[in-house]
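K.L.:
starting from these lines, generate the structure:
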Amino acid sequence: MTVYPYRSACPKSIWRNLINTARNEIVFAGYTNYFLWLEHPNLAKALKRKAQQGCKIRFLVGDPESDVTRRREEVENVPLTVSTRIRITLSEIERLSDVPGVEARYGDEHIAMSVFRFDAEMLVTPHLAKLVGHDSPMLHLRRCQDDGLFDRFAYHASELWSGGRDVWHQTQPTG
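P.N.:
Predicted structure coming up:
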C-alpha cells in the first residue's frame, strides 16, 4: 500500500498506468469525477479503447439535483459547484454512452469517499471534513489476500453501484 497525504499528490503517471494496464474492470466511483477530465488528456478516447478491448468501465457519480449535492455545495462554498463539476463529468461520459461496456449511475452514498478500481488495484480517497477531494488523502491499494482491505473497499463500491440509478436510461414512472 502507498499513501499520499493529498489526492493531488498522487502522480498522474500512476493514474495513467492503472488505466492503461486494466484489462477487466475500471470503476470511477468519485462523487464528481471532475478532476479526471482535467488531469488526464484524452481520457474518453483511452476509455473507449479499453471498453472496445473488453474492459468494463463504470462511473458512479452524485446526482447533481440531489439534496446531498446541495448540502455539499454549502459546505464547500466554492465558485465551481459540486453540481457543475458533476454536469461536466456527465457531459464527458455522454460521449461514451453508445460504447458497449461503459455504464454510468447516480448514487449519493459515496459523498464521503471515492473509490477508483483498476482490476486488482485501487485508489481510495476518504474525504476529510470540509475539504474538497484533492485536499483529502489517497490510498493506493493492491489486492493481496481474500477479505483484505482491497476486498472490503471493492465490496463497498459494488454495493454503491447496486444501489445506483442508471444515468442514461432513467425509467419514467408509470400510472
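
K.L.:
how about the helices in this protein?
P.N.:
Along the chain, counting by DSSP state H, helices occupy 12-21, 34-39, 43-52, 67-76, 82-94, 149-162.

K.L.:
make CSV out of those and add mean neighbour count.
P.N.:
C-betas here are computed from N, CA, C, even on glycine. CSV is the format used below for the helices of the chain (neighbours: other C-beta atoms under 10 Å):
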stretch, mean neighbour count
helix 12-21, 14
helix 34-39, 17
helix 43-52, 17
helix 67-76, 15
helix 82-94, 19
helix 149-162, 16
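
K.L.:
would you list those helices in TSV and tack on mean pLDDT?
P.N.:
Formatted as TSV, the helices of the chain follow (pLDDT from 0 to 100):
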stretch	mean pLDDT
helix 12-21	96
helix 34-39	93
helix 43-52	96
helix 67-76	90
helix 82-94	95
helix 149-162	94
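
K.L.:
can you list those in JSON lines and add distance to residue 122?
P.N.:
Output for these, formatted as JSON lines (distance: least, C-beta to C-beta, whole Å):
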{"stretch": "helix 12-21", "distance to residue 122": "8"}
{"stretch": "helix 34-39", "distance to residue 122": "15"}
{"stretch": "helix 43-52", "distance to residue 122": "16"}
{"stretch": "helix 67-76", "distance to residue 122": "23"}
{"stretch": "helix 82-94", "distance to residue 122": "19"}
{"stretch": "helix 149-162", "distance to residue 122": "6"}
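
K.L.:
what about residue 55, distance to residue 128?
P.N.:
According to C-beta to C-beta, to the nearest Å, residue 55 stands 31 Å off from residue 128.

K.L.:
what is the burial count for residue 24?
P.N.:
Using other C-beta atoms under 10 Å, residue 24 has 11 neighbouring residues.

K.L.:
what sits closest to it if chain neighbours are left out?
P.N.:
residue 119 (5.4 Å; C-beta to C-beta, 6 or more residues apart in numbering).
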